[in-house]
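Participant: model the structure of this input:
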Amino acid sequence: MNPIDQSNRIFFLDLLKAVSISIVVFYHSLFLPINTYFSVAIAELIIHSPLRFCVPVFLTISFFLLERELSTSKEISPWLICRKRLIRLAIPTGFWFGLAALLTFAKGNSLQEVFTTILMGDIYIGAYFLLVLLQLIPIFILIRRSFQKTRNILIIVGLQIAVFVTLKVLVFYGGSFGYDAINILSNIGRPLIAYWFIYMPLGYFLYHRHSQLLELSSSLEFKHKMGGFLVVSFLLLLEYANLIPNIGNYFYVFEFALITCIISTLVVFVCTFSIQSNQLPLKLVSLIYLLSRYSLGIFCINGILSKVFSLLGRAVLKEMTFSLPEVLAARLIGWVILLSISLVLAIQMDRFGFKALVR
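Facilitator: Numbers count the residues shown, from 1 in each chain. Alright, predicted model coming up:
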């Protein structure tokens, strides 16, 4: 079956969405106060760095599907499709941002602090992702035609790599100027599209090269796919381990500003392109569809719950000290709890008529 069959769901995209949302929740599932594991915090983050492809994969899927809709609805104005997409995205963004803003204000933050947190995409954990999409969708509509030329795609790839290399230069060789620049960038936060624009042409490329990529993916043996994934995972770990400890408290802003994030996203797509639902157990397929269907709701709900659970953790565990194995175990347990609660809440909201907020 062609994975781009218009009459059916695209299973490998559902698989990638399910895996990616599970990883996103995993990254948000540690509720221990930082002072209780400060000595092992960097090491714990480095261990999980090979999973950093999750957010880039989500962005790439978004533009893959947007290009699919634009390519199969040629009689409809691209700007009408853009408007529909933006409205569809604005509804959950407005609701979840509003709810998180109320909770933040109730904690005693001023309106200015709440507004600043919204602009920086930190009103809840992961909120920046929706702001990035709201900016990039109209840009994609404007420039997607230029992606028809491979040369233009390569130029954008080069520009994105240049941004990441410049960031590294500022960190390692910028001196006081570099420190000031990093500080300014950290104040802007992760919604800055300079870190994300590569995933527009990547989504376009993957959609329009699906036949060749399906053939490539089908021709690769499982051991070759695993080998490729392990290689890019190791390279991602090395790049992350080299950059993050040198940025200090600003690491969270630049944690996806990695060249190997781009490479790993492409590798993950190639490895999964040929996977069909009939190759997996039925129960697993059902879970994949469930996680994929409610990925938006899980993404927003878990981000808010993570902040709530972290507040509880600071209140209860602030006097304790945890070793690296204990931190890893705490994250794993928190992941199971957070993912389960977020999925259940998303399903229930859908049943009560709030589909637009969770799907």
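
Participant: so who does V55 touch?
Facilitator: Applying Cβ atoms under 8 Å, 6 or more residues apart in numbering to V55 gives the contacts 20, 24, 129, 256. Placement of C-beta: from N, CA and C, glycine included.

Participant: nearest residue to the middle of the chain?
Facilitator: In the chain, the C-alpha nearest the mean C-alpha coordinate belongs to V55, at 1.7 Å (Cα atoms, centre = their mean).

Participant: and that residue, how far from L282?
Facilitator: 29 Å (Cβ to Cβ, to the nearest Å).

Participant: cool, and V132?
Facilitator: Taking Cβ to Cβ, one finds V132 at 35 Å from L282.

Participant: who has more neighbours out of the two?
Facilitator: Set V132 next to L282 and count neighbours by other Cβ atoms under 10 Å: V132 wins out with 22 against 9.

Participant: quick check: that one touching W196?
Facilitator: Yes. Using Cβ atoms under 8 Å, V132 is in contact with W196, at 5.2 Å.

Participant: got any residues that touch both of the two?
Facilitator: Residues touching both V132 and W196 (Cβ under 8 Å, 6+ apart) are L59.

Participant: tell me the pLDDT at F197?
Facilitator: pLDDT for F197: 97.

Participant: show me what contacts it?
Facilitator: 136, 139, 156, 159-160.

Participant: and what of L258?
Facilitator: Contacts of L258 by Cβ under 8 Å, 6+ apart are 52, 164, 236, 239-240, 243.

Participant: ditto for N278
Facilitator: N278 touches nothing, counting by Cβ under 8 Å, 6+ apart.

Participant: low-confidence stretches in the stretch 151-300 of the chain?
Facilitator: For the stretch 151-300 of the chain, the stretches with pLDDT under 70 are 248-249.

Participant: that one: helices as residue ranges?
Facilitator: Shown for the stretch 151-300 of the chain, the helices assigned by DSSP state H, counting those that start in this stretch span residues 175-188, 199-208, 210-219, 222-243, 259-272, 282-293, 295-317.

Participant: which one of those helices has the most crowded surroundings?
Facilitator: Comparing those by mean neighbour count (mean count of other Cβ atoms under 10 Å), helix 199-208 comes out on top with a mean of 23.
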